[in-house]
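In: sequence and predicted structure, then a few things I'm wondering about:
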Amino acid sequence: MTTRTVMAKSNQRIAVFPGTFDPVHLGHIDLIERSAALFDRLVVGIGENPEKTALMDLPARKALIENLTAHLGNVTVEIYRGLTVAFAQRLGAGVILRGIRHVGDLDFEMRMAVTNRSVSGLDTLFIMASPQYLFLSSSLIKQIAAGGGDVASMVPPEALQHLKRKAPGIKKRRQGRGA
C-alpha cells in the first residue's frame, strides 16, 4: 500500500486548491491561508493550462508558493498535469476548493463543479474572495505589468520580482502576436 493510499484511508480532511497561479497574487495567498484553517491538509495544485502562455515555469511557481506558505504546516504544493479530479483522487482529497470573486466566476465554477461531481464524485467548496481582492486576477496583473503599470499592491514582493524580470518579455510576446 502506498503512502497516498494510506492517507486516502485515514480520517484526514484533505482539500485541493488548483490553479495556474501565474503569477500568484495576494488573493491566492489569502484563500490558501483561510482554507488551511479548514482542513487537515491542503494541497495547492499547480496545473498546466495549454490555453495560456505561462509567464513563470512550473518549478518557479511551485518554489514561490512553497516559500509564501512555509508558515502553514499543513499546506503542500504540487505540480500536476491532466484532470484536476484525477489529481485530487490520487491524493485522497475529499473536496476541490475554488475561489469566487463575482457572479461570472460563480457561473463558470458551478458548471465545472457539477461536471467534476458527475465524473468523479468529488464535491467543490466555494470560498468567497476577501473584499480587498475581489478585482484580482493573474491575467489582469500580467496585463498591467506588461503595460508598465504598478502591481506592487496586488502580488507578494517575491512575485513582484519575477514580474519585473518578465514584464518586458510579456510586451514583446504580445506585440509579436499582433495584439
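Out: Received, thanks.
In: can you pull the contacts of the residue positioned nearest the centre of the chain?
Out: The centroid of the chain falls nearest to Gly19 when counting by CA atoms, centre = their mean (3.1 Å). Residues near Gly19 by CB atoms under 8 Å, 6 or more residues apart in numbering: 28, 44-47. (Each C-beta comes from the backbone N, C-alpha and C, glycine too.)
In: surely Ile29 meets Val155?
Out: No. Using CB atoms under 8 Å, Ile29 is not in contact with Val155, being 9.1 Å away.
In: on that earlier part again, partners of the residue nearest to the centre of the chain in the sheet?
Out: Beta bridges link Gly19 to Ile46, judged by DSSP bridges.
In: confidence score at it?
Out: Looking at Gly19, its pLDDT is 96.
In: coming back round to it: type out the ChimeraX command that picks the buried ones from the contacts of Gly19.
Out: Of those, the buried ones can be selected in ChimeraX as follows, counting by 16 or more other CB atoms under 10 Å:
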select :28,44,45,46,47
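In: closest one to Ser138 out of the contacts of Gly19, please.
Out: His28 (8.2 Å; CB to CB).
In: hmm, back to that, neighbour count winner among Ile29 and Val155?
Out: Val155 (23 against 19; other CB atoms under 10 Å).
In: wait, the more buried one touches His25, no?
Out: Yes. Between Val155 and His25 there is a contact under CB under 8 Å: 4.9 Å.
In: okay, and the common contacts of these two?
Out: Common neighbours of Val155 and His25 (CB under 8 Å, 6+ apart) are Ile141.
In: do a quick rundown of the strands in the protein.
Out: Applying DSSP state E to the chain gives strands spanning 14-19, 41-47, 75-80, 95-100, 123-128.
In: where in this protein is the helix or strand with the lowest mean pLDDT?
Out: Lowest on mean pLDDT, DSSP states H and E among the helices and strands of the chain sits helix 3-9, with a mean of 44.
In: residues near Val119, how many?
Out: 11.
In: next one: Val114
Out: So Val114, with other CB under 10 Å, has 11 neighbours.
In: what do you get for the one 10 residues further on?
Out: By the measure other CB under 10 Å, the count of residues near Thr124 is 19.
In: just the pLDDT for it.
Out: Per the predicted model, pLDDT is 97 at Thr124.
In: report the contact partners of it.
Out: 95-98, 109, 112-113, 116-117.
In: and it, how far from Ile65?
Out: Using CB to CB, to the nearest Å, Thr124 is found at 21 Å from Ile65.
In: which regions of the chain lie under the pLDDT threshold?
Out: By pLDDT under 70, the low-scoring segments of the chain are 1-10, 167-179.
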